[in-house]
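# I'd like to go over a predicted model; first the sequence, then the structure.
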Amino acid sequence: MKPNRDPLELSPHWHVDCRLVEELPDDNVVGTRFLINVLFGAGAVAAIIFAGWLLYLSLSLRYQIRDWEQRINDNRAEVRDIQRMQREYSAEAAKIDQAYALVRPVFNVSAFLANIGRTRPDQMSIDIIDWSEAGIAMRGSLNESAERASMMLGNYVKTLSHDDKIGPLFREIVLNSVDRGTSGDVFKFEIAFYLKPAKP
């Protein structure tokens with residue numbers, strides 16, 4: 001163990017420390033100034049790239065707008081022709097609709113006759129069906145007694161009024177007359193079908 005040395009005693013290897021610590025350069029591997037410059041430089045590069053991207057989008061959008069405007073101008077004559085043809089077609093379609101409204105049947109005659117045949121009682125015979133602007137008159141005969149003929153005709157008119165295929169076509173279906181024919185149990189009848197008013 002070494003004896004205690006005198007602190008005022010000089011060692012054999014000594015020199016005067018002439019360093020100025022405040023003026024020495026920073027001895028860190030990566031300096032603070034370098035890091036700040038890198039961060040600001042990266043931000044500047046990102047801003048330049050973003051500005052370039054926005055400029056590219058703006059130029060691309062302007063080019064597309066100019067291209068579509070050119071196409072619109074090139075096709076303007078064709079669009080005018082199409083619009084003119086549409087107006088002509090609309091005028092012709094209006095004429096066709098007007099003509100159809102004048103000549104169209106209120107209902108399908110063959111379907112009406114088929115439905116009358118479907119609902120007709122077996123004892124009933126139909127002699128004539130007259131059509132006019134006001135409606136339809138159906139005349140026929142029924143070979144039954146007076147009481148039974150009256151009840152059967154009343155029920156038949158109710159059946160026609162409530163039938164899904166006949167009732168909706170007419171405003172009213174009524175039994176106009178029942179007359180005894182020349183022979184005893186034959187009754188003549190007339191049933192009136194009043195049409196609904198035509199829709200405008």
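Perfect, thanks for sending it.
# all helices for this structure, in order.
For the chain, the helices defined by DSSP state H cover 32-74, 76-103, 109-119, 146-162.
# can I get the CA coordinates of the shortest one in PDB?
Spelled out, that is helix 109-119. Below are the C-alpha coordinates for helix 109-119, written out as PDB (Å, rounded to 0.1, in the frame of the first residue of the first chain):
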ATOM      1  CA  VAL A 109    -115.600  -6.700 -75.700                       C
ATOM      2  CA  SER A 110    -114.500 -10.300 -76.100                       C
ATOM      3  CA  ALA A 111    -113.500 -10.500 -72.400                       C
ATOM      4  CA  PHE A 112    -116.800  -8.900 -71.400                       C
ATOM      5  CA  LEU A 113    -118.800 -11.500 -73.400                       C
ATOM      6  CA  ALA A 114    -116.700 -14.300 -72.000                       C
ATOM      7  CA  ASN A 115    -117.400 -13.100 -68.400                       C
ATOM      8  CA  ILE A 116    -121.200 -12.800 -69.200                       C
ATOM      9  CA  GLY A 117    -121.100 -16.400 -70.400                       C
ATOM     10  CA  ARG A 118    -119.200 -17.500 -67.300                       C
ATOM     11  CA  THR A 119    -121.700 -15.900 -64.900                       C
END
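# if we can go back for a sec, could you dump the helices of the chain to CSV with distance to residue 176 and mean neighbour count?
Quick note: C-beta positions are derived from backbone N, CA and C, even for glycine. Shown next, in CSV, are those (distance: least, C-beta to C-beta, whole Å; neighbours: other C-beta atoms under 10 Å):
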stretch, distance to residue 176, mean neighbour count
helix 32-74, 69, 10
helix 76-103, 29, 10
helix 109-119, 16, 13
helix 146-162, 10, 15
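# Which among those is found nearest to residue 168?
Of all these, helix 146-162 sits nearest to residue 168, with 10.0 Å by C-beta to C-beta.
# quick one: contacts for residue 38?
Neighbouring residues of residue 38 by C-beta atoms under 8 Å, 6 or more residues apart in numbering: there are none.
# actually residue 115, sorry about that
Counted by C-beta under 8 Å, 6+ apart, residue 115 has contacts 163, 165, 166.
# can you tell me how far the first one sits from residue 195?
For residue 163, the distance to residue 195 (C-beta to C-beta, to the nearest Å) stands at 16 Å.
# This completes my enquiry, with thanks.
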